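Chemist: This is the structure alone, sequence omitted:
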C-alpha cells in the first residue's frame, strides 16, 4: 500500500493548484458567467497549453496517459476554483468515449483537435425520462445503405449548445431499455437536421436539448461497434462520476475553508461568530465529512487505476457519499454565512449551487446507494 | 376542534401525576427490579384502588369506559415514573382482547378479577420468527370434540412468567400467515401441558417463552369467534401501540427535564455544562422532538376516540416518530450525562433502556413507517 | 377533546371553498398552477379580492376591520387558501405593521394607515436587518435624530424584501445611543419610500431573483408623528411583531399542498416509467416529511389553542419557525431530487407572465432547483434558526 | 499510489492467517463465535498466545520487544485478528502504559515493567477520570504528596475499566497545587493494586455488567521511583498516551467483521422468512454504514501513512475516535433492530463460560440490546466525542 503521489503527479497537482490560485479568480469567472459566452475561450486555450486537455488520452494518441488519480488531482482543483469551462463535458465525457473507440481513424481525426483545444465536443446520452439509466436510449439510428438516419431528442446535454462535435448514444436495434443495440456515433453539430435549444443551467454553465430530425451520418462516424456502445458509455460515465466527485471534494474544501474564515471575521454579539460552540461543532462536522469524502475519493481513484473488480462499487459509494455529505455541507456553509450565503454576489452561493448540481449528474446519492447495493 | 381536557380527564391526569410524584420513587422501583418478584403486588393493589385497572373497560362491564385519551393520560405518567408494573401487559393487551370479546360469560368471569387486581393476565401473540406481524400464528388449536388441543410456542410474552391467565392467538385453520383461521383463547396458566420459561427483559421487566404441549381447552374459553380472532387482536395491539407511545412521550419528558437539570448542576471547565452552546442546541432539539411527539400522540388519541378511518395510520406515524425521535433523545440524554448516563444506578440509564425496548414493541420505527406508507 | 369541525365550521369551510372556486380571480390561480411567478400586480389583486370579501385582516380584531376568526376558522381558511394555490399574502402590511399600529399607534395613525393596509392599496416593507446587524439585530446602527418636529434618518437597511415595490417602510432606528442596554435606544418609525434621500438597490439572491434589497437612508426627513408609541420602545414593538405573527408561520397548509403535488408528480413519473430507481426509498422520505408535518400541524394548533384562551404565544412557538422552515426545505429537496436532470435548466424567464418563447420544460421541474436555492433563506430570515434555538434554550429551557 | 499488497506482504498475510487458524488457542475463538463473554483468563491466554509468537508489542519498537511492523503489516494483522473473532487486546498495558514507560521511563523502569507487560503476566488498569473530572480531566483532585522517598496518594479514581482484575494501575495525580495552569502540577505514577489503602468498588453499567470501578486511595504509599519522568509533566505523558495509541482506535477491522456477521444474520433471517418488513430499507442502512466504514478505513490509513513518514499523529486523528465510535454504535443498533423481540430477554448468564441451563436464545439476539446499551460508553470514554470536536475546532480548524 502506498498513498504517496509520484513525482509527475505531484507536479501536476502543484501546477493546477498554482493556476487556480493565481489565474482563475472568482470575479473573472463571474464575468464569464454573466456574459453570453458559455465559457472563456482564452482560458480553454490556456488549459490546452498546460496540457490538461491531453491528460486522459493515451500516449498512442499523443496524450499524457493520465489515469484516475491524475483525473482526481485536476478535478479537485477545478472544483475548488469553480471552473466554468467544459472540461468534464468535452474531455472526460466526449473525449472519454472517443478515446475508447476501436475506430482508429476517428480517434486520429478527433483527439488531436480536442487536445489542442480546437474541438470542444459534447456527449449526448440522457433523454427526457431516462433519469440516470444509460441503457434508456429512445433516439434511433436506422441503417440506410452505408448510412444511419438518426431521429429523436437528447436532454440536458452539457456544453451541447456550442459543441462542434456531438457524441451520442442511439439505438440501432432492440427495445428502449435493452443493453444491446446501443451504438455511439459522433456527428458534426452543424449537419442538417440537428436543432439545439440552448440554455443556462442553474449553476451558471451552459447546456442544450438537442433534436435529431432525419440526421444522416456515415458508418465511419460510429464511435463504438454497432450495437455494442453501452460498455464504452458506461466506462466514460464511470470516469466522469469519479471526476465530478473529485470536483465536489474540491468544492467541499473551499466551502469549509471559506466558512471557517467568514465566521472568524464576522462579529456578532460583540464576538466572532466562530467563537460560538454550536457553530464550531457544525464546522467540525463539515471538516470530518470533507476528510471522509477525500478518503473515498482516493479509494475509488486507486481502485479504478488498479482495474479492481470493486471499482464500480467504489465509485458508486463515493458519489453517494459526496452527494449526501457534500450537499449537507453546502447547506451548512450557506446557513453559517447567513444572509451573505444566499447572495448571488458571493462565491459560497455558487459553490453551493455547483455541488447541488453535481449530486444530480450521473445519478444522485439515492441512485448511487441503490447501485452500490446491487453491485456489492 | 377542541384540545382541552374534560373535567374527568383533568382529574384523572392530576391523580396519576400526583401518585407518580409522591408514591412511586425511583429507588423503590429499583428495589422491585432487583428482587425476584416481577413487580410490586402492593403497588398493583393501589392501582386497583385508584381505579386505573378499570379504566379501559366499558361501564357495562363495570369499568370506567375510558378511551384513547384517558389511556394516553395514564400511560404518559407511567412512562415518566418508569412504572414496572404490567399495566400494558395485563390491562391494555390481555384486557384489551377480553373486553372486545363477544363471549359475555367469559367477560363477566375475567374482567372483574382484572379490575380488582386479583387476576393479572398476559397476552401471548408473538412467536419466534413472527417479528411484528400478527397474522403469523404457528401455534395450533385443533378441534377435538367440544375441546381444542393447543400445541406450539409463544415468544417473549410480557408478564408471561407469573400471569394467572394467558390470552393467546392460535391457528384453528389455514396456513401460518393467513388472516383467517386465527382464534383467541384464554387459558389458565396452570393447566397441564403449559411450560413457561421466564426471564428478565433488558429493561428490567419480566417475560416468558411459553410452550403448549397438547393443552386441552374448552370452546367456552374462546375469546373470539372461531377463526375470526385477528380483528380483536389488531384492535388490542393498536391500543397498546398508542399506550407505549404515550409511555415513550412520558419518558422523553423525563429524559429532557433530567438532562437539562443535570447539565445545569454539573460543572466542567469551571462553568455549568448547560452553558455550552453546542449542548444547549442539542437540548433544544430534544425539547422540539418531545413537543412534536406530544402532538402526534394527541392526534392519534383523538383520531382513535373519533373512530377515524385514518386512526391506524395516525398510530403508525406516532409509533414511528417516538421510535426514532425517542431513541435519539435517549441516546442524547445518556451522552450529555457522560459517565453518569451509563451507570445502572442512575434513572437516565433506565429511562433510556425502556424507551429503547418500546421501539421494539409492536413494531419498530422502520416497520411502522412501512405500515404508514401502506395505509396512507 | 375532538378535532371534528362543528356544523357551523363546516358551513364556513364550504363558504371558503366556494369563494376560492368562484369569487377569487381565477386567472391568478391558473397562473399559479402552471408554476408561474407572481408579479406585484398579482399579489395586490389577490389580496384585494380577500379584502373585498372582508377577509384581508385574518388575524385582526373586528374593530379594526379584521375577521375576528377563531383558531379553527383560521385553520380552515389557510388550508383552503393553500389548496387553491393562492399566491402568498405579503406579510409586511397585513401581518406585521398593521398589528403594531392598531396595538401601539395613535388614533390618528390608525385612521391614516390601517384602511390602506387592509385594502392593499399601499405596499409596505420591513427595515430591520443591517449589513452589520443580522442575527444580532439590537446592534443596529441606523440613526434617527430628532430635529424640531422631524426625525433625520441615516443608515442602511438590508435584506429588505420587495422594497422595490414598496410605498412605505417601517424601520427600527437608534434614537438614543446613550443607554445602558443597546436595545433601549431603539425606536419604531414609519417612512414613506419616496422621501428624498432614500435609495433602493437590488441584491440578487443565489437563484438569480431580485427579491431583496439594500435601502440607504441619507438624511431622510420624516415628520415626528411617524414614530410609533414611545421613543426608545421600538425593540418591544419589534419583538411584539416577531412573536405575534404566529398564525401560519409554520407554513403547514402550504407544505401540505406542496406534498400533495409532489405525490402527484411521483405518480405521473411512475406512470411514465421514470420513477427513481429506488422508489420505495423516495416514498419513505416523503412519508417522513408528511409525518413531521402532521406533528407540526398539531404543534401549531396546540399553540394557537393556548393563545385563544388568552395566553400570549410563548417563546416555544420558535419551534414553529424552525420545524416549519425545515419542512419547507425538505419538500424543496424532494422536488429537486424527483426532477433529476429536469431540474438543471435555468428557465425562470419562461414562467414569467408574457413569456412567449419555446417551453423547454413542461412539468415545472426546472423551477425546483431555483426554489430549493431560494428557500435556503427560510432558515436564515425572521431570526435565524440558530437564534430561535437560543431563544428556546434561554426562555423555555432556562439554560 | 496503490493499495495492492506486495509479495512479501501477501506472505505475511498468509502467516497471520495460519497463526490464527492453527497456533492461537482455538477454544477461545470458538467461544467468541458463540458470542460468549470473555473472562480474565481468556483475555490473558489470548494475549499470551500473541506474545509466544512475538506479536504482543504490535506498535512497539523492535528494541523493546515489539514487532516493528509497517503500517500495511499492522493493517493486515488487525484485519485477520478481527476476522478470526479474537477477543480484544486489553489496551492498558500493551497499548498505553507500555509506550509511556519505554518513551519516558528510566532504564530500571523499563527493565522492571516492560517484560511483564509484553508477556501479559501483569494486568494494568488506568486511573485518569475522577468523579468530578471527566471531560475536564485537568481538574483532577487526587493528590500525591512526597514524603521522604515515598508518595502518599489520596483521592478517588472512577470509570476504571477492569480494575477488579488489575495488578497495577497507572494514575495521574496532583503533586503540586501551586501552579499557574492546572495542567502543570500533574504527575504520572505507577501503583501496585495490593498497596494498603486501595479499595476497589464496582460500578455496574446500564447493561448490568461489572466492567468499571471506582478506585479509592486512602494514604496509599508508593516508592518515589514509581514516578514516570519528571514531576509535574504527567499531563504531557498522559496526552502522549492518548494521541499515541491511534492504531486500530477507529476499530474498523472489528466493525467490518461485525458487519459481515450482520449480513449473515440478515441472510439467515431472510431464508427463514423473518426478514424486516422493509428489508430494502434495512439493506440501505447497512450499506450506509459500510460506506462510512470504507471511508474511515482510508482516513485511518492516510493518517497512519503520514505517521509512518515521521509525522506525529495530529489532532485530526480525533476524527478516528468520533467516526469509529459512531460506526460501532450504528452497527450495534442494526443488530438490535434486526433481532426484533429476540433482543429483549436479558440472558447474559447463559453466555458465560460454564453455563449449563436452558438456552433461550440460540442466535445471539439477546446480547444485541446489552451490547448496544454498553457501547453507548464508546462516545463518552477516551475523551468524549464532544471533547474530540473541541480539539479539532481548536487545533485543526483554529477557531
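Modeler: Everything's here; your move. What you see is a predicted model, and the numbers here were worked out from it, not measured in a lab.
Chemist: Chain D contacts on the stretch 151-300 of chain C?
Modeler: C:278, C:280, C:281, C:284 (Cβ under 8 Å from any Cβ of the partner chain). Just so you know, the C-beta spots here come from the backbone N, C-alpha and C atoms, and that holds for glycine as well.
Chemist: Which member of those residues is positioned nearest chain A?
Modeler: Of all those, chain A sits closest to residue C:278, with 4.2 Å by Cβ to the nearest Cβ.
Chemist: The closest one touches residue A:368, doesn't it?
Modeler: No: at 10.2 Å, residue C:278 does not count as touching residue A:368 under the criterion of Cβ atoms under 8 Å.
Chemist: More neighbours: these two, which one.
Modeler: residue A:368 (27 against 19; other Cβ atoms under 10 Å in any protein chain shown).
Chemist: returning to what we had before: is it possible to get CSV of the residues of the stretch 151-300 of chain C next to chain D that adds pLDDT and secondary structure?
Modeler: As requested, those are arranged in CSV below (pLDDT from 0 to 100; DSSP: H, G, I helix; E, B strand; the rest coil):
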residue, pLDDT, secondary structure
C:278, 92, coil
C:280, 95, helix
C:281, 96, helix
C:284, 97, helix
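Chemist: of those, buried ones?
Modeler: Those of these that meet the buried threshold are C:278, C:281, C:284, by 16 or more other Cβ atoms under 10 Å in any protein chain shown.
Chemist: tell me the contacts of the first one?
Modeler: This points to residue C:278. Going by Cβ atoms under 8 Å, 6 or more residues apart in numbering or on different chains, residue C:278 touches A:366, A:367, A:369, A:370, D:280, D:284.
Chemist: Poorly predicted segments of the stretch 101-250 of chain C, please.
Modeler: Flagging of the stretch 101-250 of chain C using pLDDT under 70 yields the residue ranges C:243-248.
Chemist: before we move on, the earlier item: out of the buried ones among the residues of the stretch 151-300 of chain C next to chain D, which one sits closest to chain B?
Modeler: Among those, and counting by Cβ to the nearest Cβ, the member closest to chain B is residue C:284, at 6.0 Å.
Chemist: which residues touch that closest one?
Modeler: B:369, B:373, D:278, D:281.
Chemist: can you tell me which two in these are farthest apart?
Modeler: B:373 and D:281 (10.4 Å; Cβ to Cβ).
Chemist: most centrally placed residue in chain C?
Modeler: residue C:91 (4.9 Å; Cα atoms, centre = their mean).
Chemist: Look up the pLDDT of that residue for me, please.
Modeler: According to the predicted model, the pLDDT of residue C:91 comes to 93.
Chemist: Backbone torsions only: list them for it.
Modeler: With angles defined as degrees, to the nearest 10, residue C:91 sits at phi -80, psi -10.
Chemist: Quickly list the domain ranges of the chain.
Modeler: Went with chain A since none was named. Per automatic domain parsing, the domain ranges recorded for chain A read A:7-116, A:122-228, A:231-375.
Chemist: Actually, chain C is the one I wanted.
Modeler: Split by automatic domain parsing, chain C gives C:7-89, C:123-232, C:250-395.
Chemist: quick revisit: and the buried ones among the residues of the stretch 151-300 of chain C next to chain D, which is closest to residue A:218?
Modeler: For those, the nearest to residue A:218 is residue C:278 (41.1 Å; Cβ to Cβ).
Chemist: What separation is there between that closest one and residue C:284?
Modeler: 9 Å (Cβ to Cβ, to the nearest Å).
Chemist: now the strands: where do they sit in chain A?
Modeler: Assigned by DSSP state E, chain A shows strands spanning A:122-124, A:140-144, A:147-158, A:165-171, A:182-188, A:194-200, A:206-218, A:267-268, A:271-272.
Chemist: mind listing the helices for the chain?
Modeler: Unless you meant another one, I'm taking chain A. Assigned by DSSP state H, the helices in chain A fall at A:7-23, A:26-34, A:41-49, A:68-80, A:95-98, A:104-116, A:230-265, A:277-305, A:311-337, A:347-360, A:365-375.
Chemist: Actually, chain C is the one I wanted.
Modeler: C:7-18, C:26-33, C:40-52, C:71-83, C:91, C:98-104, C:107-118, C:234-244, C:252-271, C:279-308, C:318-339, C:368-374, C:385-391.
Chemist: Pick out the shakiest of those helices, pLDDT-wise.
Modeler: helix C:234-244 (a mean of 84).
Chemist: in that one, what's buried?
Modeler: Within helix C:234-244, judged by 16+ other Cβ under 10 Å, the buried ones are C:234, C:235, C:236, C:237, C:238, C:240, C:241, C:242, C:243, C:244.
Chemist: closest to residue A:134 among those?
Modeler: residue C:242 (51.5 Å).
Chemist: Surely that closest one is in contact with residue C:383?
Modeler: Yes: shown here, residue C:242 and residue C:383 form a contact pair, counting by Cβ under 8 Å, at 6.5 Å.
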